[in-house]
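In: here's a sequence, model it:
(one chain, ligands or ions: 1)
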Amino acid sequence: MKRIVACLAIAFTAALTVSQAAPAARSGPAQASKAKTVDISHFEFHPPTLQVARGATVVFSNSSGTAHTATDRGAFDSGHIKPGHSFSVRFEQQGTFRYHCKIHPFMHGKIVVG
Ligand SMILES: [Cu+2]
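Out: Numbers count the residues shown, from 1 in each chain. Next up is the predicted model:
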């Protein structure tokens, strides 16, 4: 089963790297690099606020029946994530990333990288 990851959006800043569940090749201080998932359903991001460790990959998984985006202007933009598809972003810098869906601007979420 081939997993299609929508990686159309290229990271716009050096802070983020778009990847497909890339295993951390780097050694060094134990940095959590597990993938955490934001589920997109019912026109909401679940959970609306997700806390992750620096270096973590967040997978935006669209389990709804319509396309959505996960967009943080200036940081990352998934482009349209079709139903059943997902998009991954690796967060390599601390901070709070507020994102929304460009198709449904009332959809908001937040990734807190600590
Ligand atoms: Cu949407």
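
In: quick check: next helix or strand after the helix-or-strand element of the chain with minimal mean pLDDT?
Out: The helix or strand of the chain with the poorest confidence is strand 16-17; it has a mean of 50 (mean pLDDT, DSSP states H and E). Next helix or strand after strand 16-17 toward the C-terminus (DSSP states H and E): strand 35-41.

In: right, is that next one up against the ion?
Out: No - using Cβ under 5 Å from the ion, strand 35-41 stays clear of the ion, with a minimum separation of 7.1 Å. Where you see a C-beta, it was placed from the backbone N, CA and C, and this is true even at glycine.

In: quick one: average pLDDT of that strand?
Out: For strand 35-41, the mean per-residue pLDDT is 97.

In: list the buried residues in it.
Out: By 16 or more other Cβ atoms under 10 Å, the buried positions in strand 35-41 come out as 35-40.

In: how about stretch 86-105: buried residues?
Out: For stretch 86-105, a neighbour-count test (16+ other Cβ under 10 Å) marks 86-92, 97, 99-102 as buried.

In: cool, and stretch 49-68?
Out: 50, 52, 55-62, 64, 67-68.

In: between these, which is nearest Lys110?
Out: Closest to Lys110 out of the buried residues of stretch 49-68 is Leu50 (7.3 Å), distances taken as Cβ to Cβ.

In: grab the CA positions of the helix or strand that contains the closest one and hand them over as CSV.
Out: According to DSSP H and E, Leu50 maps onto strand 49-52. Provided in CSV are the C-alpha atoms of strand 49-52 (Å, rounded to 0.1, in the frame of the first residue of the first chain):
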residue,chain,number,x,y,z
THR,A,49,-3.6,22.9,19.9
LEU,A,50,-0.8,20.3,19.6
GLN,A,51,2.3,20.5,21.6
VAL,A,52,5.4,18.8,20.2
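
In: in its sheet, what does that strand sit against?
Out: strand 108-113 (parallel) (DSSP bridges).

In: can you give me how far the strand holding Leu50 is from the chain middle?
Out: Relative to the centre of its chain, strand 49-52 is centred 11 Å away, using Cα atoms, centre = their mean, to the nearest Å.

In: no further questions, thank you.
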